[in-house]
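[1] Whatever this is, show me its structure:
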Amino acid sequence: MKWIAGLFLALTMFALAHAQEAPRPQKVDDLVRLLQDPEVRSWLEKAPGPSSIAVEEVDAGLATWEAATRSRIDGVVQVIPRIPAEFMAAASRTRADALSHGKLPVFVVFLVLTAVGLFAERMFARSRRRAEGLQERLLAIGVFAVAMGAVFFAFDWPARPRIVLLVSLLALVAYRTISALLDAAVLASSVRRRAKVFAGVAVVAVAAASLGPPLSIDPAATEAISFCFSIALLALAVEGAVSSSGRTLATRISLCLAFVVIWALWCVGLHGLFWLGVYAMALPTVLRFTGRAAAEAFPSEPNSMKRVLLVRGSRAVVVVAAAAWLALVWRFDPNSLVHDNPVVAAVSYGLLKSVVVLLFADLAWHLARSWIDRRLTVSSGVAGDASQAARQGRLRTLLPIFRNMLAVMVAVVAGLIVLAELGVQIGPLIAGAGIFGVALGFGSQTLVKDVVSGIFYLLDDAFRVGEYIQAKSYKGTVEGFSLRSVRLRHHRGPVFTVPFGELGAVENMSRDWVIDKFRVNVSYDADIEKARKLAKKIGEELKADPELGPLFIEPLKMKGVEEFGDYGIVLSFAMTTVPGMQTYIRRKAYAKIREAFKANGIDFATPSVQVGGDARDSAAAAATALRAEQAKGLAEEG
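    This is a model prediction of the structure:
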């Protein structure tokens, strides 16, 4: 070993010597000379680092956003006094444009189109002759919109009047639709009234903001009009929160503060955060109302696939529409952080995609669970032949376990997809999960044994839900399963939760048929043939009984003399019944056998002891008794 170490040391020294003798390249010498220059070193020391540049960029962005927001707010405040003048000028231009083309004023045309729509709606309502509900109201509003649209597109309108009419008609249809939805909601009358007023102001605000550019209104004036409408909406929201009954003071104050914060976000131009706040306040209520309205279409079918698809699908459509709108707002909002920071952009759009993934996972899970629950309900109420009953019992056994496994699988797959959309590398997670699973398997061998044993028990169809089994010292009716244990209900009430690994050999007492045997003792002088005929007659009577007959597979019969007992002859009886009913039938058979044997002179054997002896023993006993009486008499005289 020493010579190997010496050889290694010599080779190392030889390599170092050659490395030192090798000439350095010219570029390396130039770089060293530049770094030793005092001016270059001074410039490098004074140069700002990457972190300071990033901080300066962030500060510059915040300063730019603050200056733009301040300028916009100042412009809105200054242009508020000019709103009436801008509005009158736009109205004059629109009226002049309509009259110059030989058309009526926009307001008159709007009233005419509304009247046409109302007439068509009234005719449609008369033809239907049904009770007024949400579906009927929405259909009527659709007819109203189609009639107005047909007349509107039948004529050629000037540019400005056409835009004003189109926006006004759309606003009217939108308000009527929202009003119908609010009427269908389970709300108090005061809340419904405030909601309608709020919706009306919001629709008018959106219409006014949309008409600004086509009517050549000053953009600052358009923004000022939107600002005034926003103050009105904020006042309505705060008034509704303050006057709402059933809420504590802290809840009312919190709602008011939330409304003010949402309004402030809109005012400063943070539209993405504004819509997030709106969703947080309104989306739960909208989803609850949407689900309730969709469920009313199938009130008598709670586990129907159509009901689940309609309820979950409608809620998913609402959430997807909200997420899509938020994505559009972030995309076209110049003040959004999504445009400035790629990390924020990736996380934001990843969250939106994750919402869609979770919605699809939720829809798939509820559809699968609805199908499983419906199958369980059907299998629990079906009565048929033995093969069909066995098939339904197996379904009741396997479907709950399949439902649990499906829930875990959907949750894991959805979670991995969400993590992938958020930019997390799921490959190492899957590999780590595999290693953790192996370690868990070695560390919890009993758990693995229980799970694997349960799988093989179910594959062997050893027992099903509702069957009576016995395993070791445990016995009872199978009530349900988990991944590692079975739950048994003892016939006296207690519940056993037994791990599959502890079951061992299983005795199933509920499969196919049961042969029940019992014995009866009769006296030695009983007529055996007569007892056999009576037993056969009793078996025929029991099988003819409408209640007990379907429970028999083979009727009651007397097998014959089993043995000669100490007190009588032992007769053996047997019958074949469906599983679980043998005890009930045996009690009925006992009663009939007793009555029939008693009526026909067949006595049951009873234990008895016969005491016997000869005459000398009797005389000795009598003499002893006489002497005892005489001794007693002498004692009394003395």
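
[2] which secondary structure element contains the residue nearest the centre of the chain?
    The C-alpha lying nearest the average C-alpha coordinate of the chain belongs to His366 (C-alpha atoms, centre = their mean; 6.0 Å). Taking DSSP states H and E as the definition, one finds His366 inside helix 342-381.

[3] Now the element after that helix, going C-ward?
    Elements were assigned by DSSP H and E; along the chain past helix 342-381, the next helix or strand is helix 386-421.

[4] In contact with the residue nearest to the centre of the chain, which residues?
    Val308, Arg312 (C-beta atoms under 8 Å, 6 or more residues apart in numbering). The C-beta positions use only the backbone N, C-alpha and C, and glycine is treated the same way.

[5] Do you know the pLDDT at it?
    His366 carries a pLDDT value of 84.

[6] what's the distance between it and Gly313?
    Distance of His366 to Gly313, given as C-beta to C-beta, to the nearest Å: 10 Å.

[7] Could you do Ala98 as well?
    From Ala98 to Gly313 the distance is 45 Å (C-beta to C-beta).

[8] higher neighbour count, these two?
    The neighbour count for Ala98 versus Gly313, taken as other C-beta atoms under 10 Å, is higher for Ala98 (23 against 15).

[9] domain ranges for the chain?
    Domains of the chain are assigned by automatic domain parsing as 2-46, 86-269, 305-443, 453-511, 514-599.

[10] Do a quick rundown of the strands in the stretch 401-550 of the chain.
    Counting by DSSP state E, counting those that start in this stretch, the stretch 401-550 of the chain forms strands over residues 468-471, 474-481, 485-489, 495-499, 507-508, 514-522, given from the N-terminal end onward.

[11] In terms of secondary structure, what does the third one contact?
    Strand 485-489 sits against helix 445-459, strand 474-481, strand 495-499, with contacts defined as 3 or more C-beta pairs under 8 Å, 6 or more residues apart in numbering; DSSP states H and E.

[12] Only the C-alpha atoms, please, for the shortest one, written as PDB.
    As requested, C-alpha coordinates have been extracted for strand 495-499 and formatted as PDB (Å, rounded to 0.1, in the frame of the first residue of the first chain):
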ATOM      1  CA  VAL A 495     -70.800  -3.500  16.900                       C
ATOM      2  CA  PHE A 496     -67.400  -5.100  16.200                       C
ATOM      3  CA  THR A 497     -64.900  -3.300  14.000                       C
ATOM      4  CA  VAL A 498     -62.600  -6.100  12.900                       C
ATOM      5  CA  PRO A 499     -59.500  -5.600  10.700                       C
END
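
[13] For it, give the mean pLDDT please.
    Confidence over strand 495-499 (mean pLDDT, whole number) is 89.

[14] quick one: that strand to strand 474-481, angle?
    Computed by axes from the mean of the first three to the mean of the last three C-alpha atoms, to 10 degrees, the angle separating strand 495-499 from strand 474-481 equals 80 degrees.

[15] What pairs with strand 495-499, parallel or antiparallel?
    strand 485-489 (antiparallel) (DSSP bridges).

[16] contacts for the partner strand?
    Contact partners of strand 485-489, identified using C-beta under 8 Å, 6+ apart, comprise 450, 454, 463, 469, 474-481, 495-500, 503.

[17] Buried among these? Make that a ChimeraX selection.
    Here is the ChimeraX command that selects the buried residues among these (16 or more other C-beta atoms under 10 Å):
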select :450,454,463,469,474,476,477,478,481,496,498,499,500,503
